[in-house]
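Participant: Any chance you could fold what I've pasted below:
(one chain, ligands or ions: 1)
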Amino acid sequence: MKSETNVYLKQNKAKYNKSNVVLIGFMGSGKSITGKLLAYRMGYSFVDTDVEIEKNYKMKIKDMFAKEGEAIFRQRETETIKRLSQKSHQVISTGGGVATKQEDMDALRQNGVIISLSAYPSTILKRTGNDKRPLLAKKSNEERLKAIVELMAKRAKFYKNADLIVQTDDKTPLQNVETITKYLKGLK
Ligand code: S3P
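Facilitator: The predicted structure is shown next:
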């Protein structure tokens, strides 16, 4: 008879064999920098959903929100994720809204281990500027912090829905990479 431990290991192995590593988390949680370093460490390719969208539609995300609206951006995000999910051996850094869309997460989960990067609002405030993120484009730091706190509260439950959650506040991207690779090795 199989023990529970064996069953657990088997499930994890199946997950690791899925091959993509997907980073989710709030804006400024460090997905892009951590993802690039992680991909380099693993010998995987690195893709960022925002960069893919900007490349394919030849438009900055900020302009897309302003000219075409958030709904169109979200559709393009879903299309992009469906396409990327077909490939393997990639570290995929997702835009902060992806985790909240069941359809996108289902596609990513089929072939990916989901890692959530987490940070407190005060850390996010320090890490994000006021230029390229339409959802955080506010006049003052106070308003920006308020927007961060409110949006994070709405999304918190989605960011918890991951195989591993990494608290990044007092960590460097390299330390996050160490944590993630250690976890992934444990799945082998
Ligand atoms: C968004 C996050 C952004 C970008 C867009 C919307 C969000 O990506 O996709 O501005 O809804 O949280 P980053 O998380 O890479 O900043």
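
Participant: what are the ranges of the helices in this structure?
Facilitator: Per DSSP state H, the chain has helices spanning 4-16, 31-42, 49-57, 61-67, 70-85, 102-110, 121-127, 141-159, 173-187. These are given in chain order.

Participant: Deepest-packed of the ones you listed, please.
Facilitator: Mean neighbour counts were compared across the helices of the chain using mean count of other Cβ atoms under 10 Å; the top stretch is helix 31-42, at a mean of 20. C-beta coordinates here come from the backbone N, C-alpha and C atoms, glycine included.

Participant: what residues are up against residue 90?
Facilitator: Contacts here follow Cβ atoms under 8 Å, 6 or more residues apart in numbering; on that basis residue 90 touches 20-21, 39, 44-47, 84.

Participant: Of those - the most surrounded one?
Facilitator: Ranked by the number of neighbours (other Cβ atoms under 10 Å), the contacts of residue 90 place residue 21 first, at 27 neighbours.

Participant: so that one bridges to which residues?
Facilitator: residue 91, residue 113 (DSSP bridges).

Participant: State the distance from it to residue 164.
Facilitator: When Cβ to Cβ, to the nearest Å is applied, the distance between residue 21 and residue 164 equals 10 Å.

Participant: which neighbours do those two share?
Facilitator: Contacts common to residue 21 and residue 164, judged by Cβ under 8 Å, 6+ apart, are 113, 115, 180.

Participant: can you list the residues of this structure near the ligand?
Facilitator: Where proximity means Cβ under 6 Å from any ligand atom, the interface of the chain facing the ligand comprises 27, 31, 50, 61, 95-97, 133-135.

Participant: how does it look with 8 Å?
Facilitator: In this structure, the chain approaches the ligand at residues 25-29, 31-32, 48-50, 53, 61-62, 65, 70, 73, 77, 93-98, 100, 128, 132-135, 151, 155, judged by Cβ under 8 Å from any ligand atom.

Participant: wait, isn't residue 81 in contact with residue 107?
Facilitator: Yes - taking Cβ atoms under 8 Å as the contact criterion, residue 81 and residue 107 are neighbours in contact, 5.4 Å apart.

Participant: Identify the residue nearest the residue nearest the centre of the chain in space, chain neighbours excluded?
Facilitator: Per Cα atoms, centre = their mean, the C-alpha nearest to the average position across the chain is that of residue 24, at 2.1 Å. Residue nearest to residue 24 in three dimensions, not counting chain neighbours: residue 99, with 4.1 Å by Cβ to Cβ, 6 or more residues apart in numbering.

Participant: May I have the residues that are in contact with that neighbour?
Facilitator: Applying Cβ under 8 Å, 6+ apart to residue 99 gives the contacts 24-25, 105, 116, 155, 158-159, 161.
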